[in-house]
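Trainee: Quick one, fold the following:
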Amino acid sequence: GGSSLNVSSGINAEYGGPIKEHIYKEKHTGGVTLKDVESHMWGKEFAAFLKKSGKLPIPKWTDIVKTATFKELPPKDNDWYYIRSAALLRRVYLRQGGGCGALRKIYGGRINRGSAPSHHKDASASVIRHALKGLEEMKLIAKHPDGGRMITSAGRRDADRIASQVMSSSIVE
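Mentor: Below you'll find the model as predicted:
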């Protein structure tokens, strides 16, 4: 039975890409937003945009630092800082007013304590804080009046522009 559109999972088999085109066509009258595309594809594209712009300040310690205390090794990908910054921007876009502590919980994970039961451990605050500061310097996010961070109009514009590029490239494939 070959339905080319799997509505339940959001995968469009006709084009081979994980896009939410059926949702986009039914509900949208305006342009493409960040919510219309898959997060993984958007994150890679936005990370490339951040790297190409050259405006995101990269700390010197990114090649040796771990992203959390429960990790054994630093990330293998040399561009991990751009990817994390893009992911943080996406989180701020989707839910504004969250601060460094909330993002630490989101990016935290399970610590292996040997024979003792595992526990949740928060991610590194330094990595998240420096990435947020860098995004603030680029004027993509700003401090929220009630605490935490919020997306700026420039940040929303750039995020949605990259989302429309991802949507158009996934339809072409």
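Trainee: which other residues reach stretch 86-94?
Mentor: Identification of contacts with stretch 86-94 by CB atoms under 8 Å, 6 or more residues apart in numbering yields 34-35, 39, 42-44, 46-47, 50, 98, 103, 106, 128, 131-132, 135, 140-141, 149-151, 155-156, 159. Glycine gets a C-beta too; all of them are placed from N, C-alpha and C.
Trainee: Please repeat the previous calculation with a cut-off of 7 Å.
Mentor: 34, 39, 42-43, 46-47, 50, 98, 103, 106, 128, 131-132, 135, 140-141, 149-151, 155-156, 159 (CB atoms under 7 Å, 6 or more residues apart in numbering).
Trainee: repeat for stretch 35-52
Mentor: Here stretch 35-52 makes contact (CB under 7 Å, 6+ apart) with 18-20, 24, 34, 56, 79, 82-83, 85-87, 89-90, 159, 162-163, 165-167, 170.
Trainee: neighbours around the residue lying closest to residue 160 once chain neighbours are set aside, how many?
Mentor: Spatial nearest neighbour of residue 160, excluding adjacent residues (CB to CB, 6 or more residues apart in numbering): residue 33 at 5.1 Å. Using other CB atoms under 10 Å, the number of residues around residue 33 comes to 16.
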